[in-house]
Structures are given as C-alpha cells and as structure tokens.
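> attaching a predicted model along with its sequence, questions to come.
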Amino acid sequence: MCMARRKTERIGIRSGLEGETLVRHGLMKRTARGETLRILPELNVVKIGGHAAVDYGKRVMLPLLEEIGELSKEHQVLLVTGGGGRVRHLMEIGIDLGMPTGVLAELSSKISEQNAIMVSILLSKYNGVRIHTGDLLDLPSLFKMGILPVVHGTPPYGLYEHPPRVGSIPPHRTDTGAFLMAEALGARSCIIGKNVDGLFTEDPAKNPRAEFIPEITAGELMGMDMEDLVVERMTVELLQSALNIHEIRIVNCHVPGNIGKAIRGEKVGTVIRAK
C-alpha cells in the first residue's frame, strides 16, 4: 500500500525585520528609540576599584564600606569592584608571555571577582551578598529582600573581548563594566570611586600643578586626547551613545562622605556628561 506523501510547507514568522541584514544604515535610524525600559530607575551603581581603594586595606576600606552600608539603608546601591594591583601584575606577566587580549580579559576577571567576595563579606552586617553578572536581573527582588549586592566589574566578554586599537590590554575593564551595568539597568547614577578628587589635566601625583576639571562633556574629553585618564577611555566613548546614563561622576572615595554626596547629587568630584 502506497502512502500519499503530504506536501509540507515551511513555517515562518512574519516580522517587520524580515529579510533585513540588521546592519543597514537606514534600518539603524528607523529602529532608534529615544528611551528604553528602566528596570531600576532608583539604582545607584557605585564602583570602587582595587587600585583606587581595595589595595589600601582596612585604613581606607573599612570606613568606606561603613559609609556605603549605611547609605544602602535608604538608597538602592549596586557595589561594583575592580581588580587593582594584582590585575596589573597578571597583565605584565601575560603580555610578556604573549597572551592574546581575550585570555588577558578572562584572567583579569578572576581578580575583581576575588575582591567582590572579600567586600561582600566585609558588608555582611548590611546584608552584603556577592552576586554574579548573570544575577543582575534578580536585583529588583534582591532589593525587596534588603540585600546589598556586590558584583565584580569586569564585563563578561572573556575570550570574546574586543581587540584594542593599540597594544593588547583589554579595553573593556571594570569602569566600563560598571557603566554598562548602569546603562542596562536604567540606573539613576553611575559613580566611580578613585583615589584622587576627580579628573585633572595631568596626573596630579606626577604634576601637583595639574588643573582640576569639575565638569566636561565626553566629546570634549576625548578631543583633548590626554596622555593619561583617571577613568577608562572606553567608558567615556560609550557614554556618548548611551540612552539611560547621561553622566558619570568621579569622586575621591578616600574622603568620608563623598559617596553619599554623589548619590544625593551634591557638588563633588568631576562630572563627565554625555553632551
């Protein structure tokens, strides 16, 4: 007995993007939006670097974490950690051994993770909990539970890290990671704690007469093409095209009260505006 072969048709999903390459200039303009969903519009992303704070030990860290813990009672705070001196040591060895940029990114993330673990333990009395980057969408529930989340700042590109234009050091590091988290979550603010008062025309440790810059746009800062910056260049570049975060603030986290002032929007440190 012969069975009739049924004619099958391919099932498709109708879409306004059907047949598009997703790279056409006209499509990019057509799909541009003025705003996106802000998942946590009251969130304050606070980044404390390893080089800027953690490496100084308890002299700097204990009063700083006490301040952040108290602030977390009234404000939503996502604390982001950097790597610090151990990352620099690892980079030097990796570069000397010829490691590709993606491998350097993968290795350096382990250091900022270690700092996140230590910081979360030090914040135990404030319900400090170390979370992973994959847990960010759980933050609305975690805040309702009274959790103070601590996450490492290295973006999860890992082996897929973008090759830099010059050299081999990964361009997306922990300042950039903190900014990207703030942008994705639609945060209220992005505050980056450093060991200097903000942005200067030169490194103030090398030139005491360097001029302090209280406010500047990202475009102006990139146009200055400074030899050194207190913040990662990629952070400044990405700020120019962000939809939710329109400024980042750089403050000296060694000075008691500065993080609180930044969260309250008071005048402190340097403000880098998107435009």
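Now that the structure is in, tell me what you want to look at.

> please make it C-alpha for all contacts and neighbour counts, starting now.
Will do.

> low pLDDT regions in this structure?
Where the chain drops to pLDDT under 70, the residues are 1-12, 33-34.

> so the residue positioned nearest the centre of it is in which element?
For the chain, A178 is the residue whose C-alpha lies nearest the centre (CA atoms, centre = their mean; 1.4 Å). Taking DSSP states H and E as the criterion, A178 maps to helix 174-185.

> can you list contacts of that helix?
38-41, 44-47, 49, 80-83, 152-155, 188-190, 192, 231-232, 234-235, 242-245, 248 (CA atoms under 8 Å, 6 or more residues apart in numbering).

> these in strands, which ones?
44-47, 80-81, 152, 189-190, 192, 248 (DSSP state E).

> now do the helix holding A178 and strand 43-48, the angle between them.
170 degrees (axes from the mean of the first three to the mean of the last three CA atoms, to 10 degrees).

> of the ones in strands among the contacts of helix 174-185, which is the nearest to G26?
Ranked by distance to G26 (CA to CA), the ones in strands among the contacts of helix 174-185 are led by I248 at 30.6 Å.

> and for that closest one, the neighbour number?
22 (other CA atoms under 10 Å).

> next, the contact list for it, please.
Counted by CA under 8 Å, 6+ apart, I248 has contacts 179, 189-192, 271-273.

> against S189, how distant is it?
7 Å (CA to CA, to the nearest Å).

> what subset of the contacts of helix 174-185 is buried?
With burial judged by 16 or more other CA atoms under 10 Å, the buried subset of these is 38, 40, 44-47, 49, 80-83, 152-155, 188-190, 192, 231, 235, 242, 244-245, 248.

> helices of the stretch 101-250 of the chain, residue ranges please.
Under the criterion DSSP state H, counting those that start in this stretch, the stretch 101-250 of the chain contains helices at 101-122, 139-144, 174-185, 218-224, 233-239.

> same for the shortest one, what does it pack against?
When contacts are defined as 3 or more CA pairs under 8 Å, 6 or more residues apart in numbering; DSSP states H and E, helix 139-144 sits against strand 148-152.

> what does the strand it packs on contact?
The contact list for strand 148-152 (CA under 8 Å, 6+ apart) reads 69, 72, 77-82, 109, 112-113, 115-117, 119-120, 126-133, 139, 142, 174.
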